[in-house]
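In: give the three-dimensional model of this entry:
(2 chains)
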Number of protein chains: 2
Amino acid sequence: MFVVGSGARHLEDELRKLGARLMEREIKRFPDGEKYVRVLGSAEGVTVVQSTFRPQDEHLVELILIADALRERGVERLRAVVPYMAYSRQDRVTKEGEPVSVRAIMRTLAVYYDELYVFDLHNPETLKFFPGKAVNLSPARAIAEYFGEKFGDGLVLAPDKGARGRAKAVAEKLNLEFSHFEKERISPTEVRMTPVDVDVAGKNVLIVDDIISTGGTMVRAANLLREMGAEKVFVAATHGVFAEGAIERVSKAVDELAVTNTIPTPVSRISVVPDILGL
Amino acid sequence: MFVVGSGARHLEDELRKLGARLMEREIKRFPDGEKYVRVLGSAEGVTVVQSTFRPQDEHLVELILIADALRERGVERLRAVVPYMAYSRQDRVTKEGEPVSVRAIMRTLAVYYDELYVFDLHNPETLKFFPGKAVNLSPARAIAEYFGEKFGDGLVLAPDKGARGRAKAVAEKLNLEFSHFEKERISPTEVRMTPVDVDVAGKNVLIVDDIISTGGTMVRAANLLREMGAEKVFVAATHGVFAEGAIERVSKAVDELAVTNTIPTPVSRISVVPDILGL
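Out: Just a heads-up that it's a prediction; the model follows:
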């Protein structure tokens, strides 16, 4: 049984179409700004789907209120599916005095939830902060399926070495080669990017990353690939945390930009709903 | 040692003036909307002051992030002073399927905080949901001190029987008599209010409540007191959760409206800061 929070309303139709049993629920706001939630069913175990994009804190608190309502109705096992996990990039103390924000959020969710499922967490090691069962789901199936046909022959590239695993997972599903860009700072404002050990000339290239924010890296990578004679350049990411103007900037530089629907955006054409239903 | 969250910025100057040691801290927002906090000191025990008025969920998450940052710095005992507790009116299930939201919030705060101090909680029984030490602070000192002089002789009234204790506490500090209004529904849209066992003619009256929202009750009570020959009518409340236009509506009907600074409003002239420092 699923409960869909307001941070997953954009997934509701597809969940229903693919056969998910959705619990009726009411979510609104009191005049003073507090959230009101109500769940109109019960089951032994319930999966609450709630993505925590902007407004992040509201989506997080709602996730907790829904859990309290479900426990109140006697639901025993609570599973949270959080396609996009807020604060996931605050995964370490870089300046003294900072919190590990993603730890704080995970501990908080653990008050009510027994299991936590997220997609493509920025730093999968941070799942250890969730004391229950915590799983990092891969976007590879969704991205490979979406780009497979239009893409044809070619290769998959990660924008940096750290993202190589993601490129590999997509490439393997499509039986393609993969590699990553090496980044080298050549001046305070300039970074040189080089695809490692692959020849891109005449090939279609899919660049895959976890998050696109300003899109600067993707635009640089795409321009470089063109210069090197690549045929078509596609960009995919799991989470479209787009800064103002980023979608336009990236779209102009590539043949297609598409992200998954962990966050609803105008280019969230890749669906992770089948993966959620497969849990 | 105190850390002041962004929901208590309006208390910072007074805390400092009254001698509180405030830890330097940085609170800002990332471009994507996530909160960034940083604490620039450490101590054995720290009191975090954060009121959770609108935007409630942001103030709540910030309270948790600050706690994580303090624990990361090795602070052992964490005390939260939450002058206004969000979701405190969601203290019971009135329709099947609702959460007890205040329980969810208190359990969440307990992940990090050892002690919780709030002012004039809507339903003090809900403090039991906080597993650590939890204290409900009275606004009586602050209200009595503020109205004591301008008020002179007269009496203190609670708008309903449930609020009688608050009126009593203020009245005792001022050596005045007190009572409450009895409410009787005489039609679906009309409620008759009667002050119980007191003669208000020729007297100054202070009406005291915990929360003023629309102000409807206060306006009705004030008008009635005028009809009954009351001299001056004052209205005080702990939390000014004012709906649009409420301050104007109530102000027009009374001689003075003042609330405490648990929530910053244009009429938050009664300070609870001395009570926070007395903890």
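In: how near is the nearest residue to A:Gly152 once chain neighbours are set aside to A:Ala144?
Out: For A:Gly152, ignoring the flanking residues on the chain, the nearest one in space by CB to CB, 6 or more residues apart in numbering or on different chains is A:Asn204 at 6.0 Å. Heads up, the C-betas are built off the backbone N, CA and C, glycines and all. According to CB to CB, to the nearest Å, A:Asn204 stands 14 Å off from A:Ala144.
In: more neighbours: which of these two?
Out: For the pair A:Asn204 and A:Ala144, the greater number of neighbours falls to A:Ala144 (24 against 21), based on other CB atoms under 10 Å in any protein chain shown.
In: A:Arg16 and A:Leu22 touch, don't they?
Out: Yes: the criterion here is CB atoms under 8 Å, and A:Arg16 meets it with A:Leu22 at 5.9 Å.
In: and the longest strand along chain A, what does it pack against?
Out: If you go by DSSP state E, chain A has its longest strand at strand A:177-187. The criterion is 3 or more CB pairs under 8 Å, 6 or more residues apart in numbering or on different chains; DSSP states H and E, and the helices and strands that strand A:177-187 contacts are strand A:154-158, helix A:164-174, strand A:190-195.
In: quick one: strands adjacent to the first one?
Out: It refers to strand A:154-158. Strand pairing for strand A:154-158, determined by DSSP bridges: strand A:177-187 (parallel), strand A:204-212 (parallel).
In: deepest of these, which one?
Out: With neighbours defined as mean count of other CB atoms under 10 Å in any protein chain shown, the strands paired with strand A:154-158 peak in mean count at strand A:204-212, which reaches a mean of 25.
In: now do the strands in the stretch 51-200 of chain A.
Out: With DSSP state E, counting those that start in this stretch as the definition, the stretch 51-200 of chain A shows strands at residue ranges A:77-82, A:115-119, A:133-137, A:154-158, A:177-187, A:190-195.
In: out of these, deepest packed?
Out: strand A:154-158 comes out most buried of the strands of the stretch 51-200 of chain A by mean count of other CB under 10 Å, with a mean of 26.
In: got the CA positions of it in PDB?
Out: Provided in PDB are the C-alpha atoms of strand A:154-158 (Å, rounded to 0.1, in the frame of the first residue of the first chain):
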ATOM      1  CA  GLY A 154      28.200   5.400 -29.000                       C
ATOM      2  CA  LEU A 155      29.600   5.700 -25.500                       C
ATOM      3  CA  VAL A 156      28.700   6.800 -22.000                       C
ATOM      4  CA  LEU A 157      30.800   9.300 -20.100                       C
ATOM      5  CA  ALA A 158      30.800  10.500 -16.500                       C
END
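In: picking that back up, mean pLDDT for the helices and strands packed on strand A:177-187: which is lowest?
Out: Looking at these, the lowest mean pLDDT belongs to strand A:190-195 (a mean of 88).
In: just the CA atoms of that strand, as PDB, please.
Out: In PDB, the C-alpha atoms belonging to strand A:190-195 read as follows (Å, rounded to 0.1, in the frame of the first residue of the first chain):
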ATOM      1  CA  GLU A 190      39.600  27.600 -15.900                       C
ATOM      2  CA  VAL A 191      39.300  23.800 -15.800                       C
ATOM      3  CA  ARG A 192      40.500  21.600 -18.600                       C
ATOM      4  CA  MET A 193      38.400  18.500 -19.100                       C
ATOM      5  CA  THR A 194      39.600  15.500 -21.100                       C
ATOM      6  CA  PRO A 195      37.800  12.200 -21.800                       C
END
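In: against which helices or strands is it packed?
Out: Strand A:190-195 packs on strand A:177-187, helix A:216-227, going by 3+ CB pairs under 8 Å, 6+ apart.
In: how does it look with 6 Å?
Out: strand A:177-187 (3 or more CB pairs under 6 Å, 6 or more residues apart in numbering or on different chains; DSSP states H and E).
In: go ahead and confirm A:His122 touches A:Arg89.
Out: Yes: applying CB atoms under 6 Å, one finds A:His122 in contact with A:Arg89, separated by 5.0 Å.
In: could I have the CA atoms of the longest helix anywhere in chain A written out in CSV?
Out: With secondary structure taken from DSSP state H, chain A has its longest helix at helix A:56-72. Provided in CSV are the C-alpha atoms of helix A:56-72 (Å, rounded to 0.1, in the frame of the first residue of the first chain):
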residue,chain,number,x,y,z
GLN,A,56,12.6,20.9,1.2
ASP,A,57,11.8,21.5,4.9
GLU,A,58,8.0,21.4,4.2
HIS,A,59,8.3,18.1,2.4
LEU,A,60,10.4,16.7,5.2
VAL,A,61,8.0,17.7,7.9
GLU,A,62,5.1,16.3,5.9
LEU,A,63,6.9,13.0,5.6
ILE,A,64,7.1,12.8,9.4
LEU,A,65,3.5,13.9,10.0
ILE,A,66,2.2,11.3,7.5
ALA,A,67,4.2,8.6,9.4
ASP,A,68,2.7,9.7,12.7
ALA,A,69,-0.8,9.5,11.2
LEU,A,70,-0.1,6.0,9.9
ARG,A,71,1.3,4.8,13.2
GLU,A,72,-1.7,6.2,14.9
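In: show me the contact partners of that helix.
Out: A:3, A:5, A:7, A:35, A:37, A:39, A:46, A:48, A:50, A:52, A:78, A:86, A:112, B:33-34, B:57-58, B:61, B:97-99, B:101, B:104, B:108 (CB atoms under 6 Å, 6 or more residues apart in numbering or on different chains).
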